[in-house]
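**Student:** predicted model and sequence below, questions to follow.
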Amino acid sequence: MHIHYHYVSIIIVLCFSIRTTKCSIIEVKAGESRELPCSTTARFDTRWYRSSTSDKDPIVSIEKRISTNGRYILQKDGALSIRKIDISDADSYFCREDLIGRTVTHQLVVNYLEVPVLKLPVTYSKIGENATFICSSKGVPNLYNATWFKDRNVLNVNDTMKYSQTNTTSLEIIRLEKEDIGRYHCKVENDAFKDTEGKSNRPKYFAVSYLGEITLKSPEIHLRQNTTGGFFLFCCKWIPPYHH
């Protein structure tokens with residue numbers, strides 16, 4: 001299990017600041033449910049608190065076994081059950097058994113990963129220019145990988161002549177070509193959400209502007225084609241017929 005070491009100092013402070021006989025770090029994914037154990041003794045006097053709420057106001061107790069939002073439940077053995085955990089549940093939880101002066105503390109770490117937002121250049125890019133894409137997302141633990149796709153095929157970002165990456169969440173396409181027109185998306189992962197659990201954005205269309213010339217012999221029409229990523233504007237000029 002991946003331990004978030006920046007929480008360890010919080011646990012140590014709690015252990016010394018309150019009469020704690022047990023401390024632990026519990027990791028859980030957003031959307032899951034989990035029970036935080038207390039003990040099997042003096043269960044009739046067990047009260048659960050969060051460090052972010054008032055010490056005088058337990059979230060559950062023998063008098064109030066179910067919290068107002070219905071997601072916190074005091075079990076018969078004194079454990080705290082949390083249903084459908086979300087990011088806001090990340091906190092320090094501790095149960096107190098007042099008859100024996102026992103306190104058990106748990107640091108609940110909620111792992112999550114947001115669907116990424118793909119940012120394309122705000123203006124049309126032209127042939128020969130460079131274009132930078134940004135794949136923006138948040139998660140716990142931090143992101144460690146982003147995979148890039150064009151038309152649902154994985155891009156070969158190892159081709160450093162074509163692609164440049166200053167980090168895993170940015171991609172620069174070097175010297176744009178018509179072949180770079182297409183639909184792009186990215187997939188992000190962290191230690192908690194890997195492979196099929198990674199998050200992807202909906203594909204976005206990327207256009208490239210270029211200018212070309214087409215001449216048709218029959219009928220004798222000269223076409224000047226101004227093309228922007230697959231959308232065609234034609235400017236037509238009649239060529240007078242040849243007279244003998």
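**Tutor:** Yep, that arrived.

**Student:** so what does the helix or strand containing Arg96 touch, helix or strand wise?
**Tutor:** Using DSSP states H and E, Arg96 sits in strand 91-97. Judged by 3 or more CB pairs under 8 Å, 6 or more residues apart in numbering; DSSP states H and E, strand 91-97 is in contact with helix 8-17, strand 46-50, strand 102-113. All C-beta atoms are positioned from the backbone trio N, CA, C, and that covers glycine.

**Student:** swap the cut-off to 6 Å and go again
**Tutor:** Contact here means 3 or more CB pairs under 6 Å, 6 or more residues apart in numbering; DSSP states H and E; on that basis strand 91-97 packs against strand 46-50, strand 102-113.

**Student:** each with direction, which strands does it pair with?
**Tutor:** strand 46-50 (antiparallel), strand 102-113 (antiparallel) (DSSP bridges).

**Student:** do you know which of those lies nearest Lys162?
**Tutor:** Set against Lys162 and scored by CB to CB, those come closest in strand 102-113, at 28.4 Å.

**Student:** convert the C-alpha atoms of the strand holding Arg96 to CSV, please.
**Tutor:** Output of strand 91-97 as CSV, limited to C-alpha atoms (Å, rounded to 0.1, in the frame of the first residue of the first chain):
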residue,chain,number,x,y,z
ASP,A,91,-9.8,13.9,8.0
SER,A,92,-8.7,12.6,11.4
TYR,A,93,-11.3,10.5,13.2
PHE,A,94,-11.1,9.4,16.8
CYS,A,95,-13.4,7.4,19.1
ARG,A,96,-13.6,7.9,22.8
GLU,A,97,-14.7,5.5,25.4
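
**Student:** quickly list the domain ranges of this protein.
**Tutor:** Domain segmentation of the chain under automatic domain parsing yields 5-112, 114-209.

**Student:** could I get these as TSV with mean neighbour count and mean pLDDT?
**Tutor:** Compiled in TSV, the domains of the chain are given as follows (neighbours: other CB atoms under 10 Å; pLDDT from 0 to 100):
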stretch	mean neighbour count	mean pLDDT
domain 5-112	16	79
domain 114-209	15	93
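
**Student:** so who does Ile127 touch?
**Tutor:** Contacts for Ile127 were tallied using CB atoms under 6 Å, 6 or more residues apart in numbering; they are 176, 210.

**Student:** for Asp195, same thing?
**Tutor:** Counting by CB under 6 Å, 6+ apart, Asp195 has no contacts.

**Student:** how about Val115: what's its closest non-neighbour residue?
**Tutor:** Lys199 (4.7 Å; CB to CB, 6 or more residues apart in numbering).

**Student:** show me what that neighbour bridges to in the sheet.
**Tutor:** Val188.

**Student:** I figured it hits Leu118, correct?
**Tutor:** No. At 11.7 Å, Lys199 does not count as touching Leu118 under the criterion of CB atoms under 6 Å.

**Student:** dump the helices and strands packed on strand 91-97 to a markdown table, plus distance to Gly182.
**Tutor:** A markdown table is the format used below for those (distance: least, CB to CB, whole Å):
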| stretch | distance to Gly182 |
| --- | --- |
| strand 46-50 | 49 |
| strand 102-113 | 26 |
